[in-house]
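1. Please work out how this folds:
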Amino acid sequence: MMVAASLVPATVLLVPGAAGRAEVLVDLRAQALASVSALLAAGPARVVVVAPGPTDRDLDGAVRASLASAGVPDGRLAWSLPTALRSSHPAQVGVPTAGVAASVGLLLLARSGWVGPVRVVEVGPRDTAAVAGEATDRGAHLRALGSRLVDTGAGAGGSRVGVLVVGSLSARHGPDAPLADDERAAAYDAGVLADLADGSTAARKRLGSLDEGVAGELAVTGWGPWQVLLGAVGDDAVDAVVLAASAPFGAQHVVATWLRRPVEGGEGS
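-> Now for the predicted structure:
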């Protein structure tokens with residue numbers, strides 16, 4: 001079962017050193033670390049990092065973290081890469097490197113002191129999906145994946161699973177945005193932020209009904225990871241809190257936590 005989820009932005013700027021000597025997103029970084037700490041405080045036996053990537057990929061085993069493909073040399077980072085994930089071991093033939101967004105999640109986990117089992121799941125854009133039948137309802141496929149990831153019989157490491165969700169909202173806010181401004185972005189993000197802060201059954205239904213095509217047009221990287229999260233939560237009640245929401249440099253980011261609400265007299269209570 002999922003005991004808690006941490007939602008953090010998909011930006012390398014959360015990692016000190018990624019912007020060179022400039023100090024950026026300091027408050028957002030602090031809240032992201034607070035969210036991950038809340039996830040770990042829930043006592044997961046293993047953590048699944050779910051992040052956007054260039055294609056669908058499931059890295060259930062040894063994995064390296066690196067921001068090099070985003071143009072950020074690992075040696076520039078102010079945070080040390082965890083030894084087990086360090087990307088400077090070319091002798092580790094066959095050990096895959098996590099994508100940039102997933103690597104941000106791994107670095108946040110390591111910075112927060114996590115040394116337990118980690119599984120990395122990357123969700124690619126719709127046009128890269130190759131799963132049979134997925135084109136008809138990709139959201140349903142991803143939600144089913146989320147359910148499997150936290151199933152008590154899925155993999156080693158115990159039944160208590162924490163989910164670290166990496167993803168951002170629209171990158172089309174105003175003239176400073178990475179991509180051209182889109183007048184739909186403000187209303188879209190406001191609705192998603194409200195539902196992420198709500199976490200109720202109705203809010204989760206709305207998140208599950210978000211159109212992947214619109215998300216792609218608005219450069220929303222969180223759509224796929226959110227669908228996986230919804231599947232991991234299932235029908236369980238959660239206490240949802242948004243710790244931070246801001247749109248620096250024209251991209252909307254959010255930091256939140258979803259903590260599974262214990263069932264009185266039942267498992268996890």
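
2. May I see the buried residues of stretch 177-193?
-> Residues of stretch 177-193 classed as buried by neighbour count (16 or more other C-beta atoms under 10 Å): 177, 182, 185-186, 188-189, 192-193. Heads up, the C-betas are built off the backbone N, CA and C, glycines and all.

3. Just the closest of the residues you listed to Asp235, please.
-> Nearest to Asp235, judged by C-beta to C-beta, of these is Val192 at 21.1 Å.

4. give me the element the closest one is part of.
-> helix 185-198 (DSSP states H and E).

5. got TSV for the buried residues of stretch 177-193, with pLDDT and distance to Arg160 too?
-> TSV is the format used below for the buried residues of stretch 177-193 (pLDDT from 0 to 100; distance: C-beta to C-beta, whole Å):
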residue	pLDDT	distance to Arg160
Ala177	90	39
Asp182	95	40
Ala185	96	37
Ala186	96	38
Tyr188	97	34
Asp189	97	32
Val192	98	28
Leu193	98	28
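
6. Those residues into CSV, with extra columns for distance to Gly61?
-> Converted to CSV, those look like this (distance: C-beta to C-beta, whole Å):
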residue, distance to Gly61
Ala177, 37
Asp182, 39
Ala185, 38
Ala186, 41
Tyr188, 36
Asp189, 35
Val192, 33
Leu193, 35
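
7. Of the residues you listed, which is the nearest to Gly167?
-> Nearest to Gly167 out of the buried residues of stretch 177-193 is Val192 (C-beta to C-beta; 10.4 Å).

8. distance of that closest one from Gly234?
-> Using C-beta to C-beta, to the nearest Å, we find Val192 at a distance of 20 Å from Gly234.

9. Output the longest helix belonging to this protein.
-> Secondary structure of the chain per DSSP state H: the longest helix is helix 26-41.

10. Am I right that Asp236 is in a strand?
-> No: counting by DSSP: H, G, I helix; E, B strand; the rest coil, Asp236 is not found in a strand; it is coil.

11. for it, what are its contacts?
-> Under the criterion of C-beta atoms under 8 Å, 6 or more residues apart in numbering, the contact list for Asp236 reads 1-2, 260-261.

12. The stretch 151-269 of the chain: strands as residue ranges?
-> 161-166, 238-246, 253-260 (DSSP state E, counting those that start in this stretch).

13. Could you dump the ones you listed into TSV and include mean pLDDT, distance to Leu229 and mean neighbour count?
-> Listed next are those as TSV, based on pLDDT from 0 to 100; distance: least, C-beta to C-beta, whole Å; neighbours: other C-beta atoms under 10 Å:
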stretch	mean pLDDT	distance to Leu229	mean neighbour count
strand 161-166	98	5	29
strand 238-246	97	10	18
strand 253-260	98	7	24
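
14. Include distance to Val150 when you put those strands into JSON lines, please.
-> Formatted as JSON lines, the strands of the stretch 151-269 of the chain follow (distance: least, C-beta to C-beta, whole Å):
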{"stretch": "strand 161-166", "distance to Val150": "4"}
{"stretch": "strand 238-246", "distance to Val150": "13"}
{"stretch": "strand 253-260", "distance to Val150": "10"}
